[in-house]
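In: Build me a model from this:
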Amino acid sequence: MKIQYPATVIIDENGRYLVKFKDFGWGGTDGETIDEDLSESVDCLDELISTTMENNELLPVPGDMLAVNTYPVAPSALIAAKAAIYSEQKRKHHKKKDLAALISKDEKFIRTLLDPHSGSKIQSIEAVLNALGKRLVISIEDKPGIRHR
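Out: A predicted model of the protein is given here:
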């Protein structure tokens, strides 16, 4: 599961670049240059994912990454890891207390782990993903920017 979403970039009437994540249906960011805007889009995506999780809603399925004026954007590593746990929990219909029992922890531990504004240890994230039949894989990529097609 690679967590990234297509960001659509347009130029407004003032020449500013606007990024929107159509999969979420709301939210966006802007910048003076496309590189600035795409860099800021990571924070915007973090907030979209965080709010969706806080509202106990399903994360949207990512749309077409190859559409015109569209760039793939991944959230920050911590939000991506928490979103992966959250998505698996939802997919498997686990309650937080059931998920906690899988790793012999209490429900508060899972609530904190799934709180997008709370720090979490990578070992805790790995333990929960492992209990869900997943493993965390880390990769290093260039920052978002213009990709040449």
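In: For Tyr71, which three-state class applies?
Out: Classification of Tyr71 using DSSP: H, G, I helix; E, B strand; the rest coil returns strand.
In: these two touch, right, it and Gln4?
Out: No: assessed by C-beta atoms under 8 Å, Tyr71 is found out of contact with Gln4, at 9.7 Å. All C-beta atoms are positioned from the backbone trio N, CA, C, and that covers glycine.
In: Between these two, which has more neighbouring residues?
Out: Each of Tyr71 and Gln4 has its neighbours counted (other C-beta atoms under 10 Å); Tyr71 has more, 21 against 16.
In: Residues contacting the lengthiest helix in the chain, please?
Out: Secondary structure of the chain per DSSP state H: the longest helix is helix 34-54. By C-beta atoms under 8 Å, 6 or more residues apart in numbering, the residues outside helix 34-54 that reach it are 5, 7, 9, 17-19, 21, 24, 26-31, 58-60, 71, 73-76, 79, 82-83, 86, 114, 116-117, 143-146.
In: So which of those are in helices?
Out: With helices taken from DSSP H, the overlap with these comprises Ile79, Lys82, Ala83, Tyr86, Leu114.
In: Now list the buried members of the residues you listed.
Out: With neighbours counted using 16 or more other C-beta atoms under 10 Å, the ones in helices among the contacts of helix 34-54 contain these buried positions: Ile79, Lys82, Ala83, Tyr86, Leu114.
In: Of the ones in helices among the contacts of helix 34-54, which pair is most distant in space?
Out: Ile79 and Leu114 (11.1 Å; C-beta to C-beta).
In: Could you list the low-pLDDT ranges of the chain?
Out: 144-149 (pLDDT under 70).
In: The same query, at a cut-off of 90, please.
Out: For the chain, applying pLDDT under 90 flags the ranges 1-2, 27, 34-39, 138-149.
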